[in-house]
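Engineer: can't give you the sequence, but here's the structure:
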Ligand SMILES: Nc1ncnc2c1ncn2[C@@H]1O[C@H](COP(=O)(O)OP(=O)(O)OP(=O)(O)O)[C@@H](O)[C@H]1O
Ligand SMILES: [Mg+2]
């Protein structure tokens, strides 16, 4: 099953052609990794999948992005609902300057859940799913900005899980973290994929190999190669892919 | 050689800073040296809480003017702060870039309008409007509050807007990524996160309102009696000084300087509040 089907997607920032004719199918309950050198458009593509680029008035998009068969760029799309179904975890851990509890409860509250017991239940489940409940259960009222970077990032994952999305987009979720926190988040991603579809950007080849099912290699706004992760790393069919993963450039 | 030049530059900088410090010190010294003897002669309590200001009978009670300043300022805040904060949220997060390029310079123009012009606007538009809607003379607490609220808007908007812009965009994006509307993201995440900066904006606006003289004199009526209703005339501390200083002499003159002392104390308190708030923001 395909969760996303991207067809002839072109994106311009003003005059700059940042994504060129992207065609990509992203499988459900899979981890898909985007790799490629800096500035090749990985984050840009990720942000088109939950229409975060709407915030940027210079950004122009053509083509189709289908989520469960529906074009998310059609006029009928409810963007707030889309963003609820497609969660996002940013590169820099970015909890709101509020308590741990309020961070996780923010999404459910936004969507109208007011009952205390219900909120408590959602917050606990989200923190458990993000493998951080044991560390934080006694600190729910502490300010989230006082946590360590790794804890903050898992809190942000919990915050995204609390709105019960189908898809989680992660933009270099571990690039600001130490190896132990990174390992925890990788483990978490693998655990989450049975319930969620995960798309992640990474600069870490080993990480892409360890966790992802499929990998897309990008170069200057184009998808050069999109394959099962095994195949892409073992026997890439494009010379540029081979050079990139062996560290010749990028 | 460069060492000497560096030292010389350092001295120039220090000297410039000293001029500002010197100015503040001189104002304090002058104000208190001139004002305190009058306060002693009249009696601090009788001066501050006296309800009658009648220089020809040597009665100097400044309470009507203290209340006048407080009411007029409070009125300006009631109108100006909500409008100012909503505008700053709109400018910082919600409005399209094209519109921003139009609104922002207009606000800057408003900030540069001389207060006497605002006073003229008050006399020709606000006062008649108050008169025809609420009756009375028109020159009143209400009219002064409206004019002052317009005057403090640029201050409130600009300071609040820059404190909102100083926040990481990740707060706003994070809220949207959870399915919040832009408005909800702005009001439930950004505004609370910028609260101390926004409070500082309000304090700065308060300072402007309480210190304004010309525009207030033109629309407030200036009766030195206890204010009784928002559509009645009122005199502020600033107006009291500006209106009577020209012809005052002796104790009357000193009492006006003492009025300045009272005003100055208000301003100092606001400044303390402001620096407490901005210090909290830095942490
Ligand atoms: N808001 C923007 N306005 C204009 N150009 C942009 C904007 N955001 C990104 N770009 C440009 O689009 C290109 C792709 O950027 P993008 O952030 O998607 O790269 P990336 O692959 O995520 O890189 P990195 O690995 O460094 O995060 C870059 O050349 C960048 O300069
Ligand atoms: Mg990126």
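Structural biologist: Yep, that arrived. The structure displayed is predicted, hence computed values, not measured ones. Ligands and ions are numbered 1, 2, ... in the order given.

Engineer: can you map out the helices along chain A?
Structural biologist: Counting by DSSP state H, chain A has helices at residues A:42-49, A:79-85, A:100-110, A:116-129, A:133-136, A:149-161, A:179-192, A:205-211, A:229-234, A:239-245.

Engineer: the stretch 101-250 of chain B now?
Structural biologist: Applying DSSP state H, counting those that start in this stretch to the stretch 101-250 of chain B gives helices spanning B:115-121, B:127-134, B:141-165, B:169-177, B:182-184, B:191-193, B:195-211, B:214-219, B:237-244, B:250-282.

Engineer: check residue B:240 and give its pLDDT.
Structural biologist: Predicted confidence (pLDDT) for residue B:240: 96.

Engineer: what about the chain, any weak spots by pLDDT?
Structural biologist: Picked chain A for this. A:248-250 (pLDDT under 70).

Engineer: hm, I was asking about chain B
Structural biologist: B:1, B:280-283.

Engineer: burial check on the closest residue to residue A:50 other than its chain neighbours, number of neighbours?
Structural biologist: Nearest residue to residue A:50, sequence neighbours excluded (C-beta to C-beta, 6 or more residues apart in numbering or on different chains): residue A:86, at 4.1 Å. To be clear about C-beta, it is placed using only N, CA and C from the backbone, and glycine gets the same treatment. Neighbours of residue A:86 under the rule other C-beta atoms under 10 Å in any protein chain shown: 26.

Engineer: for ligand 1, which of the helices of chain A is the nearest?
Structural biologist: Nearest to ligand 1, of all the helices of chain A, is helix A:42-49, at 3.1 Å by C-beta to the nearest ligand atom.

Engineer: pick the most buried one from the helices of chain A.
Structural biologist: Compared across the helices of chain A, helix A:149-161 shows the largest average neighbour count, a mean of 25 (mean count of other C-beta atoms under 10 Å in any protein chain shown).

Engineer: so what touches that helix?
Structural biologist: A:87-90, A:93-95, A:100, A:103-104, A:106-107, A:126-127, A:129-132, A:135-136, A:144-145, A:147, A:168, A:173-174, A:176-178, A:180-182, A:184-185, A:188, A:192, B:174, B:177-178 (C-beta atoms under 8 Å, 6 or more residues apart in numbering or on different chains).

Engineer: who are the contact partners of residue A:237?
Structural biologist: Counting by C-beta under 8 Å, 6+ apart, residue A:237 touches A:225, A:227.

Engineer: if we use 7 Å, what do you get?
Structural biologist: residue A:225 (C-beta atoms under 7 Å, 6 or more residues apart in numbering or on different chains).

Engineer: same question for residue A:72.
Structural biologist: So residue A:72 contacts A:51, A:65, A:82 (C-beta under 7 Å, 6+ apart).

Engineer: do I have it right that the residue nearest to residue A:50 meets residue A:169?
Structural biologist: Yes - Residue A:86 lies in contact with residue A:169 (C-beta atoms under 7 Å); the separation is 6.4 Å.

Engineer: can you list residues touching both of these two?
Structural biologist: With C-beta under 7 Å, 6+ apart, residue A:86 and residue A:169 have common neighbours A:49-50.

Engineer: can you redo the helices of chain A as CSV with distance to residue A:221?
Structural biologist: Converted to CSV, the helices of chain A look like this (distance: least, C-beta to C-beta, whole Å):
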stretch, distance to residue A:221
helix A:42-49, 8
helix A:79-85, 23
helix A:100-110, 32
helix A:116-129, 35
helix A:133-136, 40
helix A:149-161, 27
helix A:179-192, 26
helix A:205-211, 20
helix A:229-234, 19
helix A:239-245, 14
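
Engineer: if we can go back for a sec, ok, and of the contacts of helix A:149-161, which contact ligand 1?
Structural biologist: For ligand 1, no contacts are drawn from the contacts of helix A:149-161 by C-beta under 6 Å from any ligand atom.

Engineer: quick check: residues of chain A near ligand 1?
Structural biologist: Looking at ligand 1, the residues of chain A close enough under C-beta under 6 Å from any ligand atom are A:13, A:16, A:18, A:38-44, A:56, A:58.

Engineer: so which of those sit within strands?
Structural biologist: A:13, A:16, A:18 (DSSP state E).

Engineer: now flag whichever of the residues you listed is closest to residue B:74.
Structural biologist: residue A:13 (48.0 Å; C-beta to C-beta).

Engineer: so what sits opposite the closest one in the bridge?
Structural biologist: In this entry, residue A:13 is beta-bridged to residue A:16, residue A:59, by DSSP bridges.

Engineer: ok, it touching residue A:58?
Structural biologist: Yes - judged on C-beta under 7 Å, residue A:13 makes contact with residue A:58 at a distance of 5.3 Å.

Engineer: any idea how far residue A:215 is from residue A:92?
Structural biologist: Per C-beta to C-beta, to the nearest Å, residue A:92 is found 24 Å from residue A:215.

Engineer: what of residue B:199?
Structural biologist: 50 Å.

Engineer: do residue B:79 as well
Structural biologist: Distance of residue B:79 to residue A:215, computed by C-beta to C-beta: 59 Å.

Engineer: tell me which of those two has more neighbours.
Structural biologist: Using other C-beta under 10 Å as the criterion, residue B:79 and residue A:215 rank with residue A:215 on top: 26 against 17.

Engineer: the more surrounded of residue A:13 and residue A:58?
Structural biologist: Legend: neighbour count by other C-beta under 10 Å for residue A:13 and residue A:58, higher for residue A:13 (14 against 11).

Engineer: residue B:24 - how many residues pack around it?
Structural biologist: Applying other C-beta under 10 Å, I find that residue B:24 has 9 neighbouring residues.

Engineer: then residue B:177?
Structural biologist: Around residue B:177 there are 28 residues (other C-beta under 10 Å).

Engineer: that one reaches residue A:85, doesn't it?
Structural biologist: No - between residue B:177 and residue A:85 there is no contact under C-beta under 7 Å: 11.5 Å.

Engineer: show me what contacts the closest residue to chain A within the stretch 1-150 of chain B?
Structural biologist: Going by C-beta to the nearest C-beta, chain A is nearest to residue B:97 of the stretch 1-150 of chain B, at 5.2 Å. Taking C-beta under 7 Å, 6+ apart as the criterion, residue B:97 is in contact with residue A:57.

Engineer: how far away is the residue nearest to the spatial centre of chain A from ligand 1?
Structural biologist: Per C-alpha atoms, centre = their mean, the C-alpha nearest to the average position across chain A is that of residue A:169, at 1.6 Å. Relative to ligand 1, residue A:169 is positioned 12 Å away (C-beta to the nearest ligand atom, to the nearest Å).

Engineer: swap in residue B:5?
Structural biologist: 42 Å.

Engineer: now do residue B:38
Structural biologist: 63 Å.

Engineer: phi and psi next, for that residue.
Structural biologist: With angles defined as degrees, to the nearest 10, residue B:38 sits at phi -60, psi -40.

Engineer: for it, which residues are in contact?
Structural biologist: B:251, B:254-255, B:257-258.

Engineer: quick check: the closest residue to it other than its chain neighbours vs residue B:210, distance?
Structural biologist: Counting by C-beta to C-beta, 6+ apart, residue B:254 is the residue found nearest to residue B:38 once chain neighbours are left out, at 3.3 Å. Separation of residue B:254 from residue B:210 (C-beta to C-beta): 22 Å.

Engineer: now swap in residue A:219 and tell me
Structural biologist: Between residue A:219 and residue B:210 the computed distance is 62 Å (C-beta to C-beta).

Engineer: okay, those two: which has more neighbours?
Structural biologist: A direct count of neighbours by other C-beta under 10 Å for residue A:219 and residue B:210 places residue B:210 higher, at 22 against 18.

Engineer: and the residue nearest to that one when sequence neighbours are not counted, what element?
Structural biologist: Ranked by C-beta to C-beta, 6+ apart and with sequence neighbours excluded, the top spatial neighbour of residue B:210 is residue B:73, at 4.8 Å. Using DSSP states H and E, residue B:73 sits within helix B:63-89.
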